[in-house]
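1. the sequence and its predicted three-dimensional model are supplied below.
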Amino acid sequence: MIRIQNLEKNYRIGNSSITALKNINLEVSNSQFVTLMGPSGSGKSSLLNILASIDKPDNGLVEVFDYNLNNLSQRDLDKYRRSTVGIIFQFFNLLPYLSALENVSLPLYLSGISTNQAHLRASESLEMVGLKDRMQHKPTELSGGEQQRVAIARSIVHNPKLLLADEPTGNLDTDTSHKIMEILLKLRKEKSFTLWIVTHNPEIGRLGDLQIHLKDGKMLDES
Ligand SMILES: Nc1ncnc2c1ncn2[C@@H]1O[C@H](COP(=O)(O)OP(=O)(O)O)[C@@H](O)[C@H]1O
Ligand SMILES: [Mg+2]
């Protein structure tokens, strides 16, 4: 279960402050599919980054499963990132000098698993996204859709309970976008993680069990 109460997020630049999120209240039960929509600058990435523990709330409560994200110790923060949450971005964020296999293995290397074991799990993960025959390719040797599939494989390699996708198809053509959405929904079915997708595409938006619309950092409605 994810519980958000009176969440507020501000960014300070010099002496001025921008309110990115205000008065956000939500409850999401396990394995739900959430779609998050709204114009550019409405706070979508801010909300996802807080759930990913990349960023911290200024006010309000954010609980994800057993974690209270307001005040995690460094130890719990590491645990949360390594075992609970996965994230995918619009621009893939792969490391250019590493192969697909190494990119996907990276989160496992960081959690101290042996290289052999990491490669085994990474190859299984790449197989799940249909990239068994691209393991040794570097990101520049892959198409945009393939790069995003590597990023998806990386985001699920540690079996997260929560997968966050910030405009995962925003940089891809229509056909490739469909393929990426199919993969995400297939993985969700197989692994039953809670999935959040930020999207500008109303067709994808309508697929959500819970559809959240943000405007100027506030929730418009919930359906
Ligand atoms: N790191 C940051 N520093 C300052 N302002 C930011 C930062 N990140 C986002 N903002 C501002 O917060 C608001 C919400 O941004 P964001 O969450 O990225 O929106 P969206 O993802 O919906 O486009 C915007 O006004 C944006 O300019
Ligand atoms: Mg954004």
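-> Thanks, I have it. The model shown is predicted, which means the values in this text are computed figures rather than measured ones. Ligands and ions are numbered 1, 2, ... in the order given.
2. contacts for the longest helix anywhere in the chain, please.
-> Taking DSSP state H as the criterion, the chain has its longest helix at helix 174-191. Applying Cβ atoms under 8 Å, 6 or more residues apart in numbering, the external contacts of helix 174-191 come out as 31, 33, 128-130, 143-145, 148-149, 152, 156, 159, 163, 165, 168-169, 172, 193, 195, 197, 201, 204, 207. Every C-beta, even on glycine, is put in place using the N, C-alpha and C of the backbone.
3. which of the residues you listed come close to ligand 2?
-> Among the contacts of helix 174-191, no residue lies close to ligand 2 (Cβ under 5 Å from the ion).
4. PyMOL command for the buried members of the residues you listed?
-> Those of the contacts of helix 174-191 that count as buried under 16 or more other Cβ atoms under 10 Å are selected in PyMOL with:
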select buried, resi 33+128+129+144+145+148+149+152+156+163+165+168+169+172+193+195+197+201+204
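5. look at Asp221 and report its pLDDT.
-> At Asp221, the model reports a pLDDT of 68.
6. same question, Leu110
-> Leu110 is given a pLDDT of 84.
7. quick one on the thing from earlier: give me the next element, helix or strand, following the longest helix of the chain.
-> Going down the chain from helix 174-191, the next helix or strand is strand 194-198, by DSSP states H and E.
8. give me the contacts around that next one.
-> Under the contact criterion Cβ under 8 Å, 6+ apart, strand 194-198 has outside partners 2, 28, 30-37, 44-45, 48, 51, 161-168, 184, 188, 204, 208.
9. just the angle between it and helix 174-191, please?
-> 160 degrees (axes from the mean of the first three to the mean of the last three Cα atoms, to 10 degrees).
10. state the mean pLDDT of strand 194-198.
-> Mean predicted lDDT for strand 194-198 stands at 97.
11. then stretch 119-129?
-> 97.
12. cool, stretch 16-26 as well?
-> For stretch 16-26, mean pLDDT rounds to 96.
13. among the contacts of strand 194-198, name the buried ones.
-> For those, buried by 16+ other Cβ under 10 Å: 2, 28, 32-37, 44-45, 48, 51, 161-168, 184, 188, 204, 208.
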